[in-house]
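> I would like to see how this sequence folds:
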Amino acid sequence: MTEKTLSVTSRPRQRVEWAYKVSSLLTLLALVAAVTGLASLGSPVLQNVLVNMLINVILVVGLYTFVGNTGVFSFGHIGFMAIGAYSTGLLRIPEQQKAALLVLPRMLERASFSSTQAVLVGGAVAALVAAFLSLPLMRLGGLTAGLGTFAVLNIINIVAANWDHFTGGSTGMAGVPTSTTITSALVWSVLAIALAWGFQQTRVCLRARASREDEPAARALGINVISDRAVAFTLSAFICGIAGGLYGQLAGSFGPSAFFLPTTFIVVAMLVVGGRFSLSGAVIGAIFLATVSEGLRRIEGGVHVGPLHIPARPGLQEVGLALALLLTLLLRPRGLTGGNEVSLLDAGKLRLGGLTGRRTRTDAG
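Coordinates of the predicted model:
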């Protein structure tokens, strides 16, 4: 068979593969839009939960962009969320309040940005910090890399708690205009998913995934593992910084404790429960655990179900989330999605593996 014949016969397979990838993206966007539409019809309390859920979707997608594509686990990405939140706050607080609450350079004190501009700057600052930190961190692997990222989280938390002039110190930052709405959170979550999906189609991401599966073999083929992981690390920090900017403009006031271990646990749990090797797992895990968390929170305060009264059970939310994570690790080690991308084409029984001879799993393990 000639080279021309091979090229012609491979085109249908490439088209089907591309159709599956696009369908997967559209499926995730439709899922997020549908959940947003349903929850937005609820009470103001439920709408606030919805906005927090969308911010968590962005956070988990950001974490997945690095962890899922490189196989290197990180416990420090909430630190980039903190950088995004504080950077956005500094650009959004009115000049008079900044002069009264913080001690800033004159140029920064007078800075005034729109919500969108401030969020983008917050993401960019987080990305710059991540690019600098990636120089030493991306040389690590396995447990040492996880410990290194956890050290980064601690450093950022300590700096935020003690840099009184810029962050407000342990008392926190206040006076940030609350401009994050359901619409803006939905738009940013859609953009974050599309950005992560687009990155998956690049050669950098494909090389990063190759090193995830077999790092020695990837290095033997000439793949620069450090630089490819650094790109993924920087992009993931940018997405987490955007989530931080949205959170800062939702809460209005926040302190270092908002960006430490509790948030780290919930975001990591969302990624693991959904499936850390697929973008679908990141999105579905965030939505699923956000729903479970809100249900447990309401039960924790005591509820009436007809004639039955369930008394308040303090701590039920944390215990329930821990059990959900434990059960997932035992029953579904690869997460709810099993490491696969979810696509509407699956509902029509169009299996990529059957047409191309390849599995639809996003990792070969």
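> any idea how far I299 lies from N224?
50 Å (Cβ to Cβ, to the nearest Å). The C-beta positions use only the backbone N, C-alpha and C, and glycine is treated the same way.
> Looking at those two now, which is surrounded by more residues?
Ranked by neighbour count (other Cβ atoms under 10 Å), I299 and N224 place I299 first, with 17 against 13.
> What count of nearby residues applies to G295?
Neighbours of G295 under the rule other Cβ under 10 Å: 13.
> So which bits of the helix or strand where it lies are buried?
Using DSSP states H and E, G295 sits in helix 279-300. Residues of helix 279-300 classed as buried by neighbour count (16 or more other Cβ atoms under 10 Å): 279-290, 292-294, 296, 299-300.
> repeat for stretch 221-234
Going by 16+ other Cβ under 10 Å, stretch 221-234 has these buried residues: I223, V225, D228, R229, A230, V231, A232, F233, T234.
> Adding secondary structure and distance to N56, write these out as TSV.
Shown next, in TSV, are those (DSSP: H, G, I helix; E, B strand; the rest coil; distance: Cβ to Cβ, whole Å):
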residue	secondary structure	distance to N56
I223	coil	33
V225	helix	30
D228	helix	27
R229	helix	24
A230	helix	26
V231	helix	24
A232	helix	20
F233	helix	20
T234	helix	21
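> now the spatially closest residue to P177 that is not a sequence neighbour: how far from S179?
Of all residues not flanking P177 in the chain, R92 sits nearest, at 5.4 Å (Cβ to Cβ, 6 or more residues apart in numbering). Per Cβ to Cβ, R92 is found 8 Å from S179.
> okay, and the common contacts of the two?
Residues touching both R92 and S179 (Cβ atoms under 8 Å, 6 or more residues apart in numbering): S115, Q249.
> which of the two has more neighbours?
Regarding R92 and S179, a neighbour count based on other Cβ under 10 Å identifies R92 as having more, with 25 against 17.
> I'd say the more buried one and Q117 touch.
No. With contact defined as Cβ atoms under 8 Å, R92 does not count as touching Q117 (9.4 Å).
> Can you name every helix or strand that the host helix or strand of A243 contacts?
Using DSSP H and E, A243 sits in helix 225-251. In terms of contacts (3 or more Cβ pairs under 8 Å, 6 or more residues apart in numbering; DSSP states H and E), helix 225-251 is packed against helix 44-70, helix 77-92, helix 115-137, helix 182-200, helix 203-213, helix 215-220.
> Dump the ones you listed to JSON lines, plus distance to P262 and mean pLDDT.
Shown next, in JSON lines, are these (distance: least, Cβ to Cβ, whole Å; pLDDT from 0 to 100):
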{"stretch": "helix 44-70", "distance to P262": "13", "mean pLDDT": "95"}
{"stretch": "helix 77-92", "distance to P262": "9", "mean pLDDT": "95"}
{"stretch": "helix 115-137", "distance to P262": "20", "mean pLDDT": "95"}
{"stretch": "helix 182-200", "distance to P262": "21", "mean pLDDT": "96"}
{"stretch": "helix 203-213", "distance to P262": "28", "mean pLDDT": "91"}
{"stretch": "helix 215-220", "distance to P262": "32", "mean pLDDT": "88"}
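> out of these, nearest to L344?
Set against L344 and scored by Cβ to Cβ, these come closest in helix 182-200, at 14.8 Å.
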